[in-house]
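Colleague: Provide a 3D model corresponding to the input given below.
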Amino acid sequence: MSRKHIIKSAGIIGFATVISRVLGFARDILIAKFFGTARYAQAFVVAFRIPNMLRDLIGEGATNAAFVPVLSEYSATRKKEEFWHLANVLLNVILIALAGVTLLGVVFAPVIVRLIAPGFIGDPEKLRVTIYLTRFMFPYILLVGLFAYSMGVLNSLKHFSAPAFAPAILNLSIIICALLRQGSVSALATGVLIGGVVQLAVQIPVLFSKGFSFNLASGLRHEAVKKIGTLLVPRIFGSCVYQINIFINTMLASLSHIVGEGGVAALYYANRIFQFPLAIFGIAIAQAALPTMSRQALESGLSKLKETLSFSLRAVNFIMLPASLGLIVLARPITSTLFERGAFGHYSTFITANALIFYSIGLFSYAGIKILVSCFYSLKDTLTPVKIASMSLVLNIILNIIFMFPLKISGLALATSCSGSFNFFLLFFMLRRKIGDLDGLRILSSFIKTLLASLVMAALIYFSAYRIGLNLFIVILIGMASYILAAFLFDIKEAMEFLKWALKRK
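Modeller: A predicted model of the protein is given here:
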């Protein structure tokens, strides 16, 4: 039943993510059209990245690391009144913490921008606009933190649809504001705040329908809140390591005299394409599997937990390997089709496509990391991922310095992929040492078969795109059809799992 539930929940999350990502691409297409990879595009990317990074730190990261495992345990083992009392106490604590972070961010925005983008200091106008946008958008932290709280509560109750569809609202809001005031970078920031308000608002009726009632008198103390804090502190450090990684990439990308002009924006656009399959499948499967693994971690023997982990990794492998090779082969036509118009010219396409190729090398690793980290969280171990992330950070810094000079902006993307692969394999090794055999031979067998099927697909789409010159949409359809056929020819079990589920749903 857990497999069916994970696939079903991941399907809901994945479908919602498709809608959000399609709107996200529409948003990025508008940004690229109006601003390209020039000054104001880079200012918005840096300004939005700061609250976005804090969103991961105190938003989704906190939800997955601490909220869902503890709330899932209370939902399964305690009375409803106890569960909702804990939810209220947690809300009070979050409100105070997020308000403080937001205030500090607004006050210290000039310092933050100078630290994260030192290359902007030589351009006073770019620096001024970035600081203004950062201050304007920082209240988004409060909004998205409250949204993440509601997502954690609903996910622990195995309700995924409302939180999954809410992020699409943010992208739609930015699109509308961008179209109403074309060419105004402040309109993008306005869309961020409006979207933050609306995506939180749509969660509230669902929370109340599940039994939530706001009670300020619940106070700030609860034994489970301490437990959540214990789980959260290592996650915060781990997220800080990840954010430092992003800070360093942004700092180096802002050094245009080394990596070339427009590096910050090029990395952003490439990462947006890279994140599309990762969010739809990798993050969706990890998010859907976490409540199940959290319950299975309470059982003796952990056999069901290992089975769920193995299945999740094989499912991710089945999707991510062909996506990775597809993005590598079609990086140039995908980037050109999505973004090349208006201010986004041939040079912007060139640097963005090159970054996308090197990002895509690590696609499977980053999807696998989401699954493995979720398993550690279900075991209430948030410290081990922090240690491994710290080692990956050091490796990424070293590789950045090595690769950025010969490969320019592409070198930063390659360093990210290499450090991500190191992170994945070390997480897998440490988890196996912690709980025993993880069905490694079965996972490896699935990986090899999937790789062979993906190589068949890659050869066909390369021939179709560059030798025959077919339309990109047709090439993608050919790639999907050839991969599915090759998957059955190579007897990839996960293909049959998904087919049975799809037929049953139909």
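Colleague: pass me the low-pLDDT residue ranges in the stretch 151-300 of the chain, would you?
Modeller: Within the stretch 151-300 of the chain, the stretches with pLDDT under 70 are 160, 216-217, 231, 234-243, 287, 300.
Colleague: hey, where'd the helices end up in it?
Modeller: 161-165, 167-180, 185-201, 203-210, 223-253, 256-259, 263-277, 284-296 (DSSP state H, counting those that start in this stretch).
Colleague: likewise the stretch 351-500 of the chain?
Modeller: Using DSSP H, counting those that start in this stretch, helices in the stretch 351-500 of the chain cover 363-378, 383-407, 409-435, 440-462, 472-489, 493-505.
Colleague: out of the helices of the stretch 151-300 of the chain, which is closest to residue 134?
Modeller: helix 185-201 (9.1 Å; C-beta to C-beta). For every residue, glycine as well, the C-beta is placed using N, CA and C.
Colleague: flag the shaky bits of the stretch 401-506 of the chain, pLDDT-wise.
Modeller: In the stretch 401-506 of the chain (pLDDT under 70), the answer is 497-506.
Colleague: try the stretch 1-150 of the chain
Modeller: Within the stretch 1-150 of the chain, the stretches with pLDDT under 70 are 1-14, 54-67, 69, 76-77.
Colleague: could I get the full set of strands for it?
Modeller: Read by DSSP state E, counting those that start in this stretch, the stretch 1-150 of the chain holds no strands at all.
Colleague: re earlier: pipe the helices of the stretch 151-300 of the chain into TSV and attach distance to residue 152 and mean neighbour count per row.
Modeller: Putting those into TSV (distance: least, C-beta to C-beta, whole Å; neighbours: other C-beta atoms under 10 Å) gives the following:
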stretch	distance to residue 152	mean neighbour count
helix 161-165	9	20
helix 167-180	15	20
helix 185-201	13	20
helix 203-210	11	15
helix 223-253	10	19
helix 256-259	38	16
helix 263-277	21	25
helix 284-296	10	26
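Colleague: can you list the ones you listed in a markdown table and add distance to residue 365?
Modeller: Shown next, in a markdown table, are those (distance: least, C-beta to C-beta, whole Å):
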| stretch | distance to residue 365 |
| --- | --- |
| helix 161-165 | 24 |
| helix 167-180 | 24 |
| helix 185-201 | 30 |
| helix 203-210 | 32 |
| helix 223-253 | 14 |
| helix 256-259 | 23 |
| helix 263-277 | 12 |
| helix 284-296 | 13 |
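Colleague: residue 420: which of these is closest?
Modeller: Using C-beta to C-beta, the helices of the stretch 151-300 of the chain put helix 223-253 closest to residue 420, at 9.9 Å.
Colleague: quick one, what contacts the nearest residue to residue 24 once chain neighbours are set aside?
Modeller: Nearest residue to residue 24 in three dimensions, chain neighbours excluded: residue 171, at 4.7 Å (C-beta to C-beta, 6 or more residues apart in numbering). The contact partners of residue 171, by C-beta atoms under 8 Å, 6 or more residues apart in numbering, come to 20, 23, 24, 26, 27, 195.
Colleague: now the two most distant members of those.
Modeller: Once C-beta to C-beta is applied, the contacts of residue 171 give 26 and 195 as the farthest pair, at 13.5 Å.
Colleague: so for residue 250, which of the helices of the stretch 351-500 of the chain sits nearest?
Modeller: helix 409-435 (9.4 Å).
Colleague: comparing the helices of the stretch 351-500 of the chain, which comes out most buried?
Modeller: Greatest average neighbour count among the helices of the stretch 351-500 of the chain goes to helix 363-378 (a mean of 26), per mean count of other C-beta atoms under 10 Å.
Colleague: give me the distance from stretch 312-329 to the chain's centre.
Modeller: Computed by C-alpha atoms, centre = their mean, to the nearest Å, the chain-centroid distance of stretch 312-329 equals 16 Å.
Colleague: distance of residue 356 from residue 171?
Modeller: Going from residue 356 to residue 171 by C-beta to C-beta, to the nearest Å gives 20 Å.
Colleague: actually residue 425, not the one I typed
Modeller: Taking C-beta to C-beta, one finds residue 425 at 34 Å from residue 171.
Colleague: ok, residue 120 next?
Modeller: Distance from residue 120 to residue 171, by C-beta to C-beta: 26 Å.
Colleague: and residue 175, what does it touch?
Modeller: By C-beta under 8 Å, 6+ apart, the neighbours of residue 175 are 23, 26, 27, 30, 191.
Colleague: er, residue 317 actually
Modeller: 364, 368, 443, 446, 447, 450, 494.
Colleague: the second one reaches residue 316, doesn't it?
Modeller: This points to residue 368. Yes: judged on C-beta atoms under 8 Å, residue 368 makes contact with residue 316 at a distance of 5.9 Å.
Colleague: can you work out which residues contact both of these two?
Modeller: Shared contacts of residue 368 and residue 316, defined by C-beta under 8 Å, 6+ apart, are found at residue 282.
Colleague: what residue is smack in the middle of the protein?
Modeller: Nearest to the geometric centre of the chain sits residue 279, at 5.5 Å (C-alpha atoms, centre = their mean).
Colleague: which segments of this protein make up each domain?
Modeller: 2-438, 444-506 (automatic domain parsing).
Colleague: unless I'm mixing things up, residue 47 is touching residue 133, no?
Modeller: Yes: in this structure, residue 47 is within contact of residue 133 by C-beta under 8 Å, at 3.5 Å.
Colleague: show me whatever sits in contact with both of the two.
Modeller: residue 189.
Colleague: compare the two (neighbour count), which wins?
Modeller: residue 47 (29 against 25; other C-beta atoms under 10 Å).
Colleague: contact partners for the more buried one?
Modeller: 113, 130, 131, 133, 134, 136, 137, 189.
Colleague: of these - the most surrounded one?
Modeller: The contacts of residue 47, ranked by neighbours (other C-beta under 10 Å): first place residue 130, 30 neighbours.
Colleague: leaving out the residues flanking it, which one is nearest to that residue?
Modeller: residue 43 (4.3 Å).
Colleague: before we move on, the earlier item: switch the contacts of residue 47 over to a markdown table; also include distance to residue 490.
Modeller: Shown next, in a markdown table, are the contacts of residue 47 (distance: C-beta to C-beta, whole Å):
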| residue | distance to residue 490 |
| --- | --- |
| 113 | 51 |
| 130 | 50 |
| 131 | 54 |
| 133 | 49 |
| 134 | 50 |
| 136 | 52 |
| 137 | 47 |
| 189 | 49 |
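Colleague: so which of these is the closest to residue 232?
Modeller: Nearest member of the contacts of residue 47 to residue 232, counting by C-beta to C-beta, is residue 137, at 24.3 Å.
Colleague: any idea how far residue 144 is from the closest one?
Modeller: From residue 137 over to residue 144 (counting by C-beta to C-beta), the distance is 11 Å.
Colleague: between these two, what contacts are shared?
Modeller: Contacts common to residue 137 and residue 144, judged by C-beta under 8 Å, 6+ apart, are residue 51.
Colleague: related to what we said a few turns ago, I'd like to know which of the helices of the stretch 151-300 of the chain is closest to residue 456.
Modeller: helix 263-277 (18.6 Å).
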